[in-house]
Structure formats: structure tokens, C-alpha cells
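Trainee: how would this look folded up:
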Amino acid sequence: MRRRKKKRAAKGQPRAAFIGTRPMKFPVTLRGQQVDVEVIPVVNTKTHVNYEVTITFQGKTMDWELTRAERALIGRAAGMFSEPETSH
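Mentor: Sure, this is the predicted structure:
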């Protein structure tokens, strides 16, 4: 069996901004449509907050399974729409 070359350590993605613990509603373009996204904090621990995401299009709740990229897009948009808040 050949010895593998040592590779450089993987550089992680920058962390998402802490978007707070209050519900937020903001517009986002997903799958070519302008939709309203509501982000509600569900579970809080000392280190992270889990969120429930509700997507509405023209007043109708969409039953979409979000991709990783779509979740990242929503997280970035939420970071832009939220006021800076400390996590402690």
C-alpha cells in the first residue's frame, strides 16, 4: 500500500453571524420567486440556536425541503436584516 502525501488542513467556512433570538420576517428570492421567509428560534442552548423556517409565497405556506445552499442564503439574508446582537 502506498503512503499518502500529507495535505494541508481544510480551511473552514466563516461562521454565520448570530442572528438573535427573536422571530424575523424578511423577503428572499428562492427558486426564482420572491418569497417571505419567517425565521423563529425553536431550541436555545448555550452554544447554538436552532431555527424553524417558514416560507410563504403570496400568502400560501410552501412545503419546500430546503437545500444546503438555500439554508445558507436564508442565513445570510437573516444576518443582513437583523440588528447586531451579542450571544451572551
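Trainee: Please spell out which residues along the helix or strand hosting G75 are buried.
Mentor: Take DSSP states H and E as the rule and G75 turns out to sit in helix 68-81. By neighbour count with 16 or more other C-beta atoms under 10 Å, helix 68-81 contains the buried residues E70, L73, I74, G75, A77, A78. Glycine gets a C-beta too; all of them are placed from N, C-alpha and C.
Trainee: distance between that helix and the chain's centre?
Mentor: Distance of helix 68-81 from the chain centroid (C-alpha atoms, centre = their mean, to the nearest Å) equals 4 Å.
Trainee: Quick check: mean pLDDT of it?
Mentor: On average, the pLDDT along helix 68-81 is 86.
Trainee: Output the contacting helices and strands for that helix.
Mentor: strand 24-30, strand 33-44 (3 or more C-beta pairs under 8 Å, 6 or more residues apart in numbering; DSSP states H and E).
Trainee: nearest residue to L30 other than its sequence neighbours?
Mentor: Once flanking residues are discounted, L30 sits nearest to E70: 5.9 Å by C-beta to C-beta, 6 or more residues apart in numbering.
Trainee: So the one you found versus V53, what's the distance?
Mentor: Per C-beta to C-beta, to the nearest Å, E70 is found 9 Å from V53.
Trainee: Which residues are in contact with each of these two?
Mentor: Counting by C-beta atoms under 8 Å, 6 or more residues apart in numbering, E70 and V53 have no contacts in common.
Trainee: Each with direction, which strands does the helix or strand that contains T56 pair with?
Mentor: Assigned by DSSP H and E, T56 belongs to strand 49-57. According to DSSP bridges, strand 49-57 has the following sheet partners: strand 33-44 (antiparallel), strand 60-61 (antiparallel).
Trainee: Next, the angle from the first one to strand 24-30.
Mentor: What separates the directions of strand 33-44 and strand 24-30 is an angle of 130 degrees, with axes from the mean of the first three to the mean of the last three C-alpha atoms, to 10 degrees.
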